[in-house]
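Undergrad: Here is a sequence with its predicted model. Questions after.
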Amino acid sequence: MTAPSPCSDPAAPPLPPEALVPSPSAEAPARPRPAPPSARAPAKAFRRGVVTVACELRTPRVVQFYRRDFTPISHWLDALDRARDFRHVDPRAAHEAERVVSAHLAAAQDVFEGAVQRSDGLIAAQGLADVPIRYADPVTVAAPIVHPAARTYLRVLSTADDAFASLERAWLLGLVDTRARRIEEARFRKVLRGISTRVREQYSAMARVLREARAGTAPPAQPGGEAASPGDMPWWQDTAQAENSATP
């Protein structure tokens, strides 16, 4: 027998003994199946009336913000409004908290509307206004509206969706370079994150007032650690004065 050539395939290793797989038995326990959606624990429901508004979102980034932030923001806004039902809360405090949130939403709306106008104007100047942009998986959400500011927030998300899409369309057409696109998208994301932060701040301040009033504790401590004097302004009035003084 001739020796195997160096270029020939090496000898195949011996096969392991065949393992016999037992056939399924009638006595074997059935694999548990996942619970159907109706049997799972429901999400925390709102206590009052809800209006459902349909909204189409095209860009993945804005869909992500909606799925992550819309429900908690709605619960915080609902809690701010229900704080008026407690006798420990000055109604002006709830009104001021909602005013701060509304002003922040209006500022965010202006940012995204301006971005859409700039991108669309750049595209139209090149005679490319009729060139659309399409997305493979647009999402139509059924948003539960429990507060007027929640409806405003949904409108901001829709405008942000237009801003992301318009910027991407300009980039695909070669009118915006990659660096400028990424800088602008980072600004958009910062604005959207700021909405959640501002609403959460107002909710946390209101919750702190309720806890202190119910517990009958001393006036809240100042940042330096000393107790606030009875003549000091409450948090909501102090916020309003600071904003008014910063307005030119």
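TA: Now that the structure is in, tell me what you want to look at.

Undergrad: Report how many residues lie close to the nearest residue to Ala97 once chain neighbours are set aside.
TA: Computed as Cβ to Cβ, 6 or more residues apart in numbering, the closest residue to Ala97 that is not its neighbour in sequence is Gln202, at 4.1 Å. Just so you know, the C-beta spots here come from the backbone N, C-alpha and C atoms, and that holds for glycine as well. The criterion is other Cβ atoms under 10 Å. On that basis, Gln202 has 25 neighbouring residues.

Undergrad: Next, the buried residues of the helix or strand containing Gln202.
TA: Assigned by DSSP states H and E, Gln202 belongs to helix 178-215. Applying a neighbour-count criterion of 16 or more other Cβ atoms under 10 Å, one finds 181, 184-185, 188-189, 191-192, 195-196, 198-199, 201-203, 205-206, 209 buried in helix 178-215.

Undergrad: what's the angle from the helix or strand Phe65 falls within to helix 178-215?
TA: In this structure, Phe65 is located in helix 60-82 according to DSSP H and E. Using axes from the mean of the first three to the mean of the last three Cα atoms, to 10 degrees, the direction of helix 60-82 lies 20 degrees away from that of helix 178-215.

Undergrad: and after helix 60-82, which helix or strand comes next?
TA: Using DSSP H and E, the helix or strand that follows helix 60-82 towards the C-terminus is helix 91-125.

Undergrad: Quick one: list the elements packing against that following helix.
TA: Under the contact criterion of 3 or more Cβ pairs under 8 Å, 6 or more residues apart in numbering; DSSP states H and E, the helices and strands touching helix 91-125 comprise helix 60-82, helix 148-172, helix 178-215, helix 235-246.

Undergrad: what about 6 Å?
TA: In terms of contacts (3 or more Cβ pairs under 6 Å, 6 or more residues apart in numbering; DSSP states H and E), helix 91-125 is packed against helix 148-172, helix 178-215, helix 235-246.

Undergrad: Val53 looks like it's in a helix, true?
TA: No - following the definition DSSP: H, G, I helix; E, B strand; the rest coil, Val53 is strand and is not counted among the residues of a helix.

Undergrad: what bridges to it?
TA: On DSSP bridges, the residues paired with Val53 through beta bridges are Ala143.

Undergrad: Measure how buried it is and give me the count.
TA: Close neighbours of Val53, defined as other Cβ under 10 Å, add up to 13.

Undergrad: In this structure it contacts Val141, no?
TA: No - taking contact to mean Cβ atoms under 6 Å, the distance of 8.8 Å between Val53 and Val141 leaves them out of contact.

Undergrad: In contact with the spatially closest residue to Ser119 that is not a sequence neighbour, which residues?
TA: The shortest distance from Ser119 to any residue other than its chain neighbours is 3.8 Å, reached at Ser166 (Cβ to Cβ, 6+ apart). Neighbouring residues of Ser166 by Cβ atoms under 6 Å, 6 or more residues apart in numbering: Val116, Ser119, Asp120.
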